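Undergrad: Okay, here's the prediction I keep looking at, along with the sequence it came from:
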Amino acid sequence: MNLVGLFKDAVVQLQQHKLRTFLTLLGMIFGVGAVIAMLNIGEGAQREALKMIDSMGLNNVIVEAKDFEEEELREQRKHSDGLSLNDGKVAVQALPFITDFAAEKVVETYHVFSEYAKFEGQAVGVSENYFNLAHFDLSAGRLLNEQDGQHFSQVALLGANTAKTLFPLGDAVGKSVKINHLWFEVVGILEAPFLKKKEFQGVKLGDEQNQIFIPLKTAIHRFKSELLDPEISRIKLTTEPGFSPVMAAQAIDALVKGRHNDIDDYKLIVPAALLAQQKQTQQIFNIVMSCVAGISLLVGGIGIMNIMLATVLERTKEIGLLRAIGATQKDIQVQFITESFTISILGGLLGVFFGIALSELIAFYSEWAVSWSFSAIVLSFSICALVGLTFGVYPAIKASKLDPIEALQSD
C-alpha cells in the first residue's frame, strides 16, 4: 500500500473508535498548545523588554536623585548639594568611555491647560540632547534645540497623550499651552512608543506620552523650586559602543559618590543590566513552562501507546490474516506506526489552533505582550510528531511479531 493509502486506512481505523481517539488527542492538543502559548508569550515579553530598554537607551547609565523626607534631606544638604549639571560635565571630562550626557529637571506642575482643555500632566525640563540618548520619534514639528535653551525660550514638546487631550482637534504645533503661570508655544509632538507597561524590573519608565518637555534652562530659571531640591532630577550618560554599561556604572558611581562626599542621595539605573536580568528571569520561566508542556506531551505519547496496544489486541485476527496472505513484519510495523503518526499529526494540528487561541486569551486577560513565532509552531508540531512516532514503535513491533497461526486462532 502506498503512503496515501496507509494514511487513509489509518483514518478509517481511528474513526471506528471516535471517543477513544478524541481522548488520546487531548494530550497532544494540550501539550502542543502549551508549548506554542509559552513560546509566543516569551517572545512577546522579550520584544516588549527591548522596546522598554530602547526608550531608556541600552548604552546609557542613568543617575537619578532620590526622594527624602524634609528633615533627612536638610541633614544631607549640609554635605551634598545633590545632583547637578556639573556631575554630568565632570563625568564626560574624567571618564573617556562616556561620550555624552543629558540632564532632566522635573517641574512641580500644578496645572496645565490649553484653550480647549485641561490636563493632569507633568512638565519636565530637558537638555537639547536628551532625545538623542534614547529613541524618540516625532509625529509633528521639531525637537528642542540648543537655541531654545540659550534664550530661555518658552517652547514645549508634547507627549502623544498630552497633545491629544489638550488639542482634541489636532494641529497642536504652533498653539499655546499654559504650564503653571507661563505660556509656552508647542513646537513638536512625540510619537507614542506603544509600551504596555510603565515599569520594567522595578524601575518606573518616564511615561513620555503624558509629559510636556521644555528647555532645561527654562525649567531651572523660570520655575520656582524648593530650596533643598537638587539642581536637576536625573542625568543620562551614554557610553561608547562596545563598552560595558555595567562597568561604566561602577566608575560613574565612584565619581559621583566622591563629588557628593559619600552621601547616598542618588541611585544608578543600568538598562543593560535590567535587560540581562529580565532575560534570565524569562529563561527560567521558559524552562519551567517547557517542562510542564513536555509532561503534557509525554502523557499524550503514553496515551498513543495505550490506544495502539489496545488496537493490537482487538485486531489480532486481522494481523494474522494479513500475515497469512503475504504481509511481512515490516508491512505490519509500517501500518501501525502510520496510525500512531496520524494521531500525533491530528493532535499537533488541533494543538496549533488551541495554542493560538490560548495565547490570545492569556494576552487579553493578563495584558501580556504576545508575539507570534513561526519557529514556535514548527518546533511544537515537530515534537508532537516525533512523540507519536516514538510511542508507536513498541506497539508496531509487538503487532508484527505475532505468530500468524496463533493470531488467526485467537478469539
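TA: Yes, it's here.
Undergrad: Not counting its own residues, what contacts stretch 363-380?
TA: 31-32, 35-36, 39-41, 43-48, 196, 293, 348, 351-352, 355, 359-360, 362 (CB atoms under 8 Å, 6 or more residues apart in numbering). For glycine as for every other residue, the C-beta is placed from the backbone atoms N, C-alpha and C.
Undergrad: ok, of these, which come out buried?
TA: 31-32, 35-36, 39-41, 43-46, 48, 293, 348, 351-352, 355, 359, 362 (16 or more other CB atoms under 10 Å).
Undergrad: In contact with the residue nearest to residue 120 when sequence neighbours are not counted, which residues?
TA: Nearest in space to residue 120, with sequence neighbours left out and distances taken as CB to CB, 6 or more residues apart in numbering, is residue 112 at 7.5 Å. Contacts for residue 112 (CB under 8 Å, 6+ apart) come out as 118, 119, 120, 121, 123, 162, 166, 177, 178, 179, 212.
Undergrad: One more pass at 7 Å, please.
TA: 118, 119, 121, 123, 177, 178, 179, 212 (CB atoms under 7 Å, 6 or more residues apart in numbering).
Undergrad: Check for me that the fifth one belongs to a helix.
TA: Just to be clear, that refers to residue 177. No: using DSSP: H, G, I helix; E, B strand; the rest coil, the secondary structure at residue 177 is strand, not a helix.
Undergrad: what sits against it?
TA: 112, 114, 156, 166, 184, 186, 212.
Undergrad: same for the helix or strand where residue 23 lies, what does it pack against?
TA: Using DSSP states H and E, residue 23 sits within helix 18-56. Applying 3 or more CB pairs under 7 Å, 6 or more residues apart in numbering; DSSP states H and E, we find helix 18-56 packed against helix 271-314, helix 329-366, helix 374-400.
Undergrad: tell me which residues of the last one are tucked away?
TA: Pointing back at helix 374-400 there. 376-377, 380-381, 383-385, 387-389, 391-392, 395-396, 398-400.
Undergrad: and the nearest residue to residue 401 once chain neighbours are set aside, how many neighbours?
TA: Leaving aside its sequence neighbours, residue 401 sits nearest to residue 329 (CB to CB, 6+ apart; 6.9 Å). Residues near residue 329, counting by other CB atoms under 10 Å, number 14.
Undergrad: doesn't residue 398 make contact with residue 329?
TA: No: contact criterion CB atoms under 7 Å: residue 329 and residue 398 do not qualify, at 11.0 Å.
Undergrad: Low-confidence stretches in this structure?
TA: Across the chain, residues meeting the criterion (pLDDT under 70) sit at 1-7, 10, 54-55, 193-206, 367-369, 403-411.
Undergrad: Report the central residue of it.
TA: residue 45 (1.8 Å; CA atoms, centre = their mean).
Undergrad: which stretches of the stretch 1-150 of the chain form helices?
TA: Assigned by DSSP state H, counting those that start in this stretch, the stretch 1-150 of the chain shows helices spanning 3-15, 18-56, 70-76, 85-94, 146-150.
Undergrad: and among the ones you listed, the most buried is which?
TA: helix 18-56 (a mean of 21; mean count of other CB atoms under 10 Å).
Undergrad: what's the angle between it and helix 329-366?
TA: 50 degrees (axes from the mean of the first three to the mean of the last three CA atoms, to 10 degrees).
Undergrad: Off-centre distance for helix 18-56?
TA: Computed by CA atoms, centre = their mean, to the nearest Å, the chain-centroid distance of helix 18-56 equals 14 Å.
Undergrad: what's the answer for stretch 301-317, then?
TA: 44 Å.
Undergrad: Then stretch 370-378?
TA: Distance, centroid of stretch 370-378 to centroid of chain: 14 Å (CA atoms, centre = their mean).
Undergrad: CSV please, covering the helices of the stretch 1-150 of the chain and showing distance to residue 136.
TA: Shown next, in CSV, are those (distance: least, CB to CB, whole Å):
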stretch, distance to residue 136
helix 3-15, 56
helix 18-56, 8
helix 70-76, 32
helix 85-94, 19
helix 146-150, 16
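Undergrad: nearest to residue 134, of the ones you listed?
TA: Counting by CB to CB, residue 134 lies closest to helix 18-56 out of those; the figure is 5.7 Å.
Undergrad: and the angle from the closest one to helix 271-314?
TA: 170 degrees.
Undergrad: I'd like to check the angle between helix 18-56 and helix 374-400, please.
TA: Going by the same axes, to 10 degrees, helix 18-56 makes 150 degrees with helix 374-400.
Undergrad: And the contacts of residue 112, which is closest to residue 58?
TA: Taking the contacts of residue 112 together and measuring to residue 58 by CB to CB, the closest member is residue 212, at 26.0 Å.
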